[in-house]
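[1] okay, here's the prediction I keep looking at, along with the sequence it came from:
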Amino acid sequence: MGTLIDAKQRGHENHHQRWERTHRAALLDQYRALQAEGVSQRQAAQALHIPRTTLQAWHVWQERLDACPQVVAFFESGPGLAFLHRLILALHVVFVEIGAGGIRLVCRFLEITALNRFVGASYGTQQQVNRHVEEAIVAYKHEETARLAQGMPPQEITVTQDETFTGGLCLVAMEPVSNYMLLEQVAEARDHVTWHACMEDALTPLKCTVIQSTSDEAPGLLAYVAQHLGAHHSPDLFHVQQELSKAVSAPMALKQRAAHKAVTKAEETLTRVHEHLNRANDELAPHGSGRPPKSAASLEQGKHKVDAARHEHQRLSAQREQVSQRIRAIGHAYHFVDLERGVRRNGKLIAGDIQSHIDTIRTIAQQEGLSEPCLARLDKAERVVPKMQATVAFVSGYVGQQVKQLELAPPQSFAMHAHLIPSYYLDRVASTRTVTAGEPLRALAERLRAPLFEPGGALNECSVLRQDQLKAKAAQLAEVFQRSSSNVEGRNGYLSLRNHQLRGLDHPRKRTCLTAVHNFFLTRSDGTTAAERFFGQKPRSMFAAILASVEIPPAPLSPPQRAAG
């Protein structure tokens with residue numbers, strides 16, 4: 001007769017303990033205190049208003065638990081349960097919500113550390129804990145966003161926008177200065193109507209006006225910015241360089257690899273000819289009648305083919321390197337401030353430099369006889385150049401308008417335009433580079449800024465408070481020129497990584513949790529969150545809110561016990 005096995009799993013989802021864990025720990029602490037005073041168990045049970053059998057069961061459960069008595073006493077005390085509560089929720093926030101480790105790793109961690117004696121370590125139990133944690137994160141996000149929005153100062157912002165198809169179509173919008181996620185929402189389409197509906201819901205509670213949008217040339221985004229926002233659209237430099245790379249660099253890379261193969265093949269052929277000559281020289285027998293061998297001619301021909309193949313490979317490598325340099329030079333030219341001299345640049349001159357680099361790339365593409373689709377991609381990138389010029393003009397006009405509102409004297413106004421704002425722009429560019437590469441930019445910025453506040457400087461006569469205000473305003477205006485939506489592209493890459501690891505991004509709660517963690521939990525090196533930088537005020541601790549709303553996980557139904565006897 002076979003053994004019957006109950007296939008129904010035991011879980012905590014519908015299990016409600018009569019005695020809440022922290023309350024039970026408090027009663028046990030009181031019981032130990034009474035026991036130390038010489039009070040009997042029966043009298044202690046009466047004083048604590050609990051059945052004596054319950055008190056006995058708790059005592060027996062602790063004695064039989066397979067753990068050190070001191071460890072059991074700690075984790076069954078009030079401070080021990082508080083520590084256990086904080087530890088378990090921290091594991092879910094860090095392992096599951098931030099690190100994408102998954103619930104099973106939390107279960108495994110509890111088993112290895114022997115904490116499964118004091119908290120349920122099954123997947124079902126921890127899955128319920130994780131659900132409560134995520135629900136608490138979602139509730140915190142809605143409450144804290146509404147609270148911070150009420151006290152935020154009015155501001156004019158730029159948004160970077162894009163779509164991602166990880167876990168379904170998702171519209172993403174961020175504020176690039178603070179890196180605050182304004183929108184990360186699943187949508188049915190990416191036309192301008194859908195963008196408007198989603199962005200309006202996101203922007204309505206906030207005291208901010210969008211003056212500029214930086215994105216690729218997607219028709220839906222362009223229509224949304226023009227028809228609904230009424231703001232300026234700034235083209236993304238990355239997509240211009242990407243089109244040029246796909247149009248010219250990628251086809252030339254194919255040619256370069258083919259030329260390398262031709263070099264390898266010619267060298268192998270020449271090697272075989274050399275081997276044939278060596279064997280022929282080793283043979284002492286005279287040749288018979290007939291024509292003499294053509295070994296010398298073959299050797300000369302092989303050397304010529306090798307030289308020609310190497311020359312072609314070197315030529316293509318040089319051409320491809322020139323294309324790469326021109327593409328990088330476009331990024332170097334598209335700056336609001338000249339990075340070598342520290343002076344503001346004219347949009348027409350910037351557009352002329354960019355067009356010159358594109359013309360050089362076009363000449364190389366035509367010389368190499370690239371296909372019509374490649375030239376069409378090049379035309380697509382070239383069409384964005386006037387928009388890049390318009391962006392520089394827009395930024396210049398906006399900066400001029402903002403400085404005019406400061407009502408500065410002409411020398412001070414000139415100092416703001418010519419020195420202070422460019423110095424902070426150089427600092428901003430330096431922050432995106434390595435320490436070594438950014439040092440010349442920081443040194444140039446200091447040379448521009450320091451004389452303004454020295455004796456005889458244009459801003460030296462202002463009060464200290466006024467100087468701080470002008471510095472803050474200059475730093476703010478230096479951020480207006482946004483040439484890339486790389487923060488959104490980076491977010492799309494992060495979501496793709498998360499989706500490949502564990503899937504589940506199509507669940508609205510999971511996606512909202514990732515947004516909340518990004519805005520309210522992750523910090524920069526200065527310790528600030530994206531929400532703090534965007535709203536101008538420090539949000540409440542997200543983890544403290546989780547601790548307050550999620551109960552301590554239940555004890556295991558069948559913890560490991562010592563053998564009797």
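    Structure's in. What do you need?

[2] burial of the nearest residue to Pro451 once chain neighbours are set aside, as a residue count?
    Using Cβ to Cβ, 6 or more residues apart in numbering and skipping residues adjacent in sequence, the residue nearest Pro451 is Gly457, 5.3 Å away. No exception for glycine: its C-beta is placed from N, CA and C like everyone else's. Using other Cβ atoms under 10 Å, Gly457 has 17 other residues around it.

[3] quick one: pLDDT of Gly457?
    Note on Gly457: pLDDT of 91.

[4] can I assume it is in contact with Leu448?
    No - contact criterion Cβ atoms under 8 Å: Gly457 and Leu448 do not qualify, at 11.4 Å.

[5] quick check, the residue nearest to Pro451 in a helix?
    No - assessed with DSSP: H, G, I helix; E, B strand; the rest coil, Gly457 is coil; it does not lie in a helix.

[6] roughly how far does it sit from Gln155?
    According to Cβ to Cβ, to the nearest Å, Gly457 and Gln155 sit 29 Å apart.

[7] from what I see, Ile50 and Leu27 are in contact.
    Yes - with contact defined as Cβ under 8 Å, Ile50 reaches Leu27; the gap is 6.3 Å.

[8] what about the two, which has more around it?
    Leu27 (19 against 16).

[9] that one and Pro51, how far apart?
    From Leu27 to Pro51 the distance is 11 Å (Cβ to Cβ).

[10] count of residues packed around Ala376?
    Ala376 has 11 nearby residues by other Cβ under 10 Å.

[11] buried set for the strand or helix carrying it?
    Here Ala376 is covered by helix 372-382, with elements defined by DSSP states H and E. Neighbour-count burial for helix 372-382 flags 374, 377-378, 380-382 (criterion: 16 or more other Cβ atoms under 10 Å).

[12] give me every residue that touches His196.
    Neighbouring residues of His196 by Cβ atoms under 8 Å, 6 or more residues apart in numbering: 224, 227-228.

[13] mind running it again at 7 Å?
    Going by Cβ atoms under 7 Å, 6 or more residues apart in numbering, His196 touches 224, 228.

[14] that's a helix at it, yeah?
    Yes - counting by three-state DSSP, His196 is found in a helix.

[15] and the pLDDT at it?
    94.

[16] how about Pro554?
    Value for Pro554, per-residue pLDDT: 83.

[17] that one contacts Gly120, doesn't it?
    Yes - in this structure, Pro554 is within contact of Gly120 by Cβ atoms under 7 Å, at 5.4 Å.

[18] and these two? which has more neighbours close in?
    A direct count of neighbours by other Cβ under 10 Å for Pro554 and Gly120 places Gly120 higher, at 25 against 18.

[19] doesn't that one lie inside a strand?
    No - under three-state DSSP, Gly120 falls outside any strand and is assigned coil.

[20] now do the phi/psi pair for it.
    Per-residue torsions, Gly120: phi -60, psi 120 (degrees, to the nearest 10).

[21] nearest residue to it in space, please, no chain neighbours.
    With sequence-adjacent residues excluded and distances taken as Cβ to Cβ, 6+ apart, Gly120 is closest to Pro556, at 4.7 Å.

[22] can you tell me the SS state at that neighbour?
    Three-state call for Pro556 (three-state DSSP): coil.

[23] residues contacting it?
    The contact partners of Pro556, taken as Cβ under 7 Å, 6+ apart, are 116, 119-121.

[24] now with 8 Å?
    116-122, 125.

[25] identify the residues contacting stretch 486-493?
    160-162, 164, 166, 172-174, 176, 179, 181, 184, 215, 238, 518.
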